[in-house]
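>>> output the structure for:
(chains A and B)
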There are 2 protein chains.
Amino acid sequence: MGALHEGHARLIERARGESGLVVTTIFVNPLQFDRKDDLEKYPGPLDADMEVCRRLGVDLVFAPPVEEMYPQPLACVIEVKRIANHLCGAFRPGHFAGVATVVMKLFQIVGADKAFFGEKDAQQLAIVRRMVKDFNVPIEIVGVATVREPDGLALSSRNQRLSEAERKQAVALYRALQEAERQIAAGVTDSTEILRLARAVIPPDPALRLEYLEIVEPDEMQPVATVAGAVIVAGAMWVGSTRLIDNVKVQRTGE
Amino acid sequence: MGALHEGHARLIERARGESGLVVTTIFVNPLQFDRKDDLEKYPGPLDADMEVCRRLGVDLVFAPPVEEMYPQPLACVIEVKRIANHLCGAFRPGHFAGVATVVMKLFQIVGADKAFFGEKDAQQLAIVRRMVKDFNVPIEIVGVATVREPDGLALSSRNQRLSEAERKQAVALYRALQEAERQIAAGVTDSTEILRLARAVIPPDPALRLEYLEIVEPDEMQPVATVAGAVIVAGAMWVGSTRLIDNVKVQRTGE
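I've put the predicted structure just below:
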């Protein structure tokens, strides 16, 4: 979706290292925005993005206008079932159907052998992986680790919208995820208890509103009552009028 | 879906004439059956089908078992909107979502440059064409004319289920479509009137039950009140316990 930051740069670098030809798609997809103001506020600095792509050795940038991607209303879209029922899917109606649909279109248009997605959008990554399996799309999906600021805040194009004060508060989400990680490492397995302790880390500030904090299994993104094996702890938090998401993958010690 | 007849043979011959390599997919797709008994009764003579493919010079037959196409429940399916709301789509809930989903899978698996579909399944053909546009699938869809018995009955794998008496009665659907065609050629433009005259052609026999008879425009399969330009007259009729469909494309004279 453009507004390229260091997280995107890692995707491109990884692709560059593994591929003969690298294509970057830049498209702010209206279909996946559930709120009009979020779409309108979404940054779109194409010239700066092109410069980043040039510097990183991208061979081709595909940045179509909306009319080229959606010349007429769609008669067919991808419906995402159970895997979209929790986390962001529960709070952003139609969001993942919009994501899956545009990603399928981009896969068909570009014809790439591999596609690189950030792990920061964990549910999106799980859905794209599953869509590729479900429709037998001949493409390999590569997940790339979340890039963080020195204080731990996950890089996001939406971070640009934060005021200086909000920017400092925003790290609370990652702190909560780290607390959950610590509790799991310490042997706590009850999700309710882990999440209670993690939530307690977020300061009681009116500017911060936790939308969700959940522990899910990594394939179908379903909540688990008891932590066993690999899980994802994922959260969404409003900082003022900006919504941020983050997650950590945790494997119980000894497993 | 196999049970190959002369209509399928024309698809293969056409493909053979236009292609370096011809792949035939044979798969009775459970996802598109809205009635369990219809799926169970659907003929599946794979040896005979293979012989037809051999005779017609097919290079590769892809006839996967159900577990290979659906190793796990799908998390993503294709949702078909407005274009599936009339004709068969109105009477077979989920049918075209099942068709679109399996066709998308087959397109991804086979990687063909062209795919050949019969015009007998007019709504299916319209939906596949639109799906390919909507998702930018790099494949050309070729429609091939319906093949008919000497009396006019459209070839269908389901014709095998008809008793001798039913087989004779079955042509009533095509007779009704021809009557609609005649009325349009004679200058009648009111769809209600055309369909009334067409329905009157079907004998009042308890074994024959017309499910629908409609006049639609050929892109989105929406009913038209007044015939202007190209239309499709399409119907579905039960003959005893067998459901048959048929359609004719009509262009108003002088247009």
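>>> which strands and helices sit next to the helix or strand harbouring A:His8?
Using DSSP states H and E, A:His8 sits within helix A:6-18. The criterion is 3 or more C-beta pairs under 8 Å, 6 or more residues apart in numbering or on different chains; DSSP states H and E, and the helices and strands that helix A:6-18 contacts are helix A:46-55, strand A:114-118, strand A:140-144. Quick note: C-beta positions are derived from backbone N, CA and C, even for glycine.
>>> give me the buried positions along the first one.
It stands for helix A:46-55. A:49-50, A:52-53 (16 or more other C-beta atoms under 10 Å in any protein chain shown).
>>> give me the residues contacting that helix.
A:2-4, A:8-9, A:12, A:24, A:26, A:61, A:63 (C-beta atoms under 8 Å, 6 or more residues apart in numbering or on different chains).
>>> the next helix or strand after that helix near chain B anywhere?
Using DSSP H and E, the helix or strand that directly follows helix A:46-55 along the chain is strand A:60-62. No - using C-beta under 8 Å from any C-beta of the partner chain, strand A:60-62 never reaches chain B; the gap is at least 11.5 Å.
>>> what lines up beside strand A:60-62 in the sheet?
strand A:23-25 (parallel) (DSSP bridges).
>>> contacts for the partner strand, please.
By C-beta under 8 Å, 6+ apart, strand A:23-25 touches A:12, A:53, A:58-63, A:106, A:110, A:112.
>>> can you give me the pLDDT of A:Pro43?
If you check A:Pro43, the pLDDT there is 86.
>>> that one is in contact with A:Ser156, isn't it?
No - contact criterion C-beta atoms under 8 Å: A:Pro43 and A:Ser156 do not qualify, at 10.8 Å.
>>> tell me which of those two has more neighbours.
Taking other C-beta atoms under 10 Å in any protein chain shown, A:Pro43 and A:Ser156 do not tie; A:Ser156 has more neighbours (23 against 15).
>>> just checking, that one touches A:Asp121?
No - contact criterion C-beta under 8 Å: A:Ser156 and A:Asp121 do not qualify, at 9.4 Å.
>>> what residues are shared contacts of the two?
In contact with both A:Ser156 and A:Asp121: A:Ile245, using C-beta under 8 Å, 6+ apart.
>>> and for A:Glu193, the neighbour number?
11.
>>> nearest spatial neighbour of it, chain-adjacent residues omitted?
A:Gln183 (7.5 Å; C-beta to C-beta, 6 or more residues apart in numbering or on different chains).
>>> wait, doesn't that neighbour sit right on A:Arg196?
No - using C-beta under 8 Å, A:Gln183 makes no contact with A:Arg196, being 9.5 Å away.
>>> same drill for those two, tell me which one is more crowded.
Using other C-beta under 10 Å as the criterion, A:Gln183 and A:Arg196 rank with A:Gln183 on top: 21 against 12.
>>> buried ones in stretch A:87-100?
A:87-89, A:92, A:94-100.
>>> so who does A:Ser156 touch?
A:Ser156 touches A:5, A:7, A:120, A:244-245, counting by C-beta under 8 Å, 6+ apart.
>>> where does it fall, phi/psi-wise?
phi -160, psi 140 (degrees, to the nearest 10).
>>> how far away is it from B:Pro64?
Noted for A:Ser156: a distance of 42 Å to B:Pro64, by C-beta to C-beta, to the nearest Å.
>>> surely A:Trp238 forms part of a helix?
No - membership of A:Trp238 in a helix is not supported by DSSP: H, G, I helix; E, B strand; the rest coil, which gives strand.
>>> thought it was touching A:Pro206?
No - assessed by C-beta under 8 Å, A:Trp238 is found out of contact with A:Pro206, at 10.7 Å.
>>> which of those two has more neighbours?
In terms of neighbours (other C-beta under 10 Å), A:Trp238 is the more surrounded of A:Trp238 and A:Pro206; the figures are 14 against 6.
>>> now that one: closest residue in space that isn't a chain neighbour?
A:Arg209 (4.2 Å).
>>> ok, back up a step: the contacts of A:Ser156, buried ones only, as a PyMOL selection?
With 16+ other C-beta under 10 Å as the criterion, this PyMOL line picks the buried residues out of the contacts of A:Ser156:
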select buried, chain A and resi 7+120+244+245
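>>> what is the most widely separated pair among the contacts of A:Ser156?
The most widely separated members of the contacts of A:Ser156, counting by C-beta to C-beta, are A:His5 and A:Ile245 (14.9 Å).
>>> turn the helices and strands packed on helix A:6-18 into TSV, including mean pLDDT.
Shown next, in TSV, are the helices and strands packed on helix A:6-18 (pLDDT from 0 to 100):
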stretch	mean pLDDT
helix A:46-55	97
strand A:114-118	98
strand A:140-144	98
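>>> got a list of what the closest residue to A:Asp205 other than its chain neighbours touches?
Residue nearest to A:Asp205 in three dimensions, not counting chain neighbours: A:Gln169, with 6.4 Å by C-beta to C-beta, 6+ apart. Residues near A:Gln169 by C-beta under 8 Å, 6+ apart: A:203, A:205, A:207-208, A:239.
>>> at 7 Å what do you get?
A:205, A:207-208, A:239 (C-beta atoms under 7 Å, 6 or more residues apart in numbering or on different chains).
>>> distance check, it against A:Glu211.
For A:Gln169 relative to A:Glu211 (C-beta to C-beta), the value is 15 Å.
>>> where does A:Asn247 land in three-state SS?
strand.
>>> partners of A:Val248 in the sheet?
A:Val233.
>>> so what's it up against?
Counting by C-beta under 7 Å, 6+ apart, the residues that A:Val248 touches are A:177, A:181, A:233.
>>> count of neighbours near the second one?
Around A:Glu181 sit 16 other residues, with neighbours defined as other C-beta under 10 Å.
>>> tell me if it really is in a helix.
Yes - counting by three-state DSSP, A:Glu181 is part of a helix.
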